[in-house]
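> The sequence isn't on hand, but the structure is:
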Ligand code: AMP
């Protein structure tokens, strides 16, 4: 977990490779759906372009079928759950699958640094939601809808300082693991 720009995707990729986990980024999956012009992609696009969250029911049905397919594999979830209803829905899915969350990592970085990072990334990401206005909107959405998950997962959450180089942040995570 972590706000947009904290480095979730970067660190998740590194960990997935190191521990042979399947990396599931809901942002990447949704961008894939948009480029394939599927019904899910068409439904998601306007929310994503505006920096809003795609509705919980879309995410939950997409993730339920993906997680059922991947049953019993080691998975690192990146960008999901992002709301309390998604987290509750994920618990129900895992209960059905007789599976569970082992660890929750929260990468935190000060908001002004995040905005600067994302504006830099915008120059070569080609992402439609990387304009300054949408970047600020995504931080606001994070604070309102996603940050409450820190309390939801308070018993299993591990706080990782996300300020520093990619390697430094990876080292902090590996130390914990
Ligand atoms: P990301 O690549 O994780 O920054 O996600 C990009 C965009 O995809 C977000 O701003 C949302 O519009 C959408 N998205 C990704 N994951 C979720 C989620 N779990 N719930 C709702 N919307 C999501």
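Looks like it came in fine. Please read these numbers as outputs of a predicted model, since none were measured by experiment. Numbering: from 1, shown residues only.

> use CA for all of it now, contacts and neighbours both
Fine.

> Quick check, residue 108 in contact with residue 158.
No: with contacts counted by C-alpha atoms under 8 Å, residue 108 stays clear of residue 158, the gap being 10.5 Å.

> Now do the buried residues in the helix or strand bottoming out on mean pLDDT in the chain.
Within the chain, confidence by mean pLDDT, DSSP states H and E is lowest for helix 111-125 among all helices and strands, at a mean of 84. Within helix 111-125, the residues that qualify as buried are 114-115, 118-119, 122, counting by 16 or more other C-alpha atoms under 10 Å.

> Check which helices and strands it is in contact with.
Counting contacts by 3 or more C-alpha pairs under 8 Å, 6 or more residues apart in numbering; DSSP states H and E, helix 111-125 packs against helix 132-141.

> one more time with 6 Å, if that's ok
Contacts defined by 3 or more C-alpha pairs under 6 Å, 6 or more residues apart in numbering; DSSP states H and E place helix 111-125 against no helix or strand at all.

> can you tell if that helix touches the ligand?
No: figure legend: helix 111-125 not in contact with the ligand (C-alpha under 6 Å from any ligand atom); closest approach 10.2 Å.

> Next one: residue 59 from the ligand, what distance?
6 Å (C-alpha to the nearest ligand atom, to the nearest Å).

> following the helix or strand harbouring that residue, which helix or strand shows up next?
Here residue 59, judged by DSSP states H and E, is contained in helix 56-69. Next helix or strand after helix 56-69 toward the C-terminus (DSSP H and E): strand 75-78.

> quick one: contacts of that next one?
21-25 (C-alpha atoms under 6 Å, 6 or more residues apart in numbering).

> Same check on stretch 11-24?
74-78.

> and it, how far out from the chain's middle?
13 Å (C-alpha atoms, centre = their mean, to the nearest Å).

> Is it in proximity to the ligand?
No: interface with the ligand: stretch 11-24 contributes nothing (C-alpha under 6 Å from any ligand atom), its closest point being 10.1 Å away.

> Show me what counts as buried in that stretch.
By neighbour count on 16+ other C-alpha under 10 Å, the buried set for stretch 11-24 is 11-16, 21-24.

> Please apply the same query to stretch 46-54.
For stretch 46-54, by 16+ other C-alpha under 10 Å, it's 48, 50-54.

> what distance separates the start and the end of that stretch?
9 Å (C-alpha to C-alpha, to the nearest Å).

> Averaged pLDDT, that stretch. What do you get?
Mean pLDDT, stretch 46-54: 95.

> quick one: is it near the ligand?
Yes: applying C-alpha under 6 Å from any ligand atom, one finds stretch 46-54 in contact with the ligand at 47-48, 51-54.

> which of those sit farthest apart?
51 and 54 (9.2 Å; C-alpha to C-alpha).

> Which positions in this structure make contact with the ligand?
4, 26-28, 47-48, 51-55, 59, 79-82.
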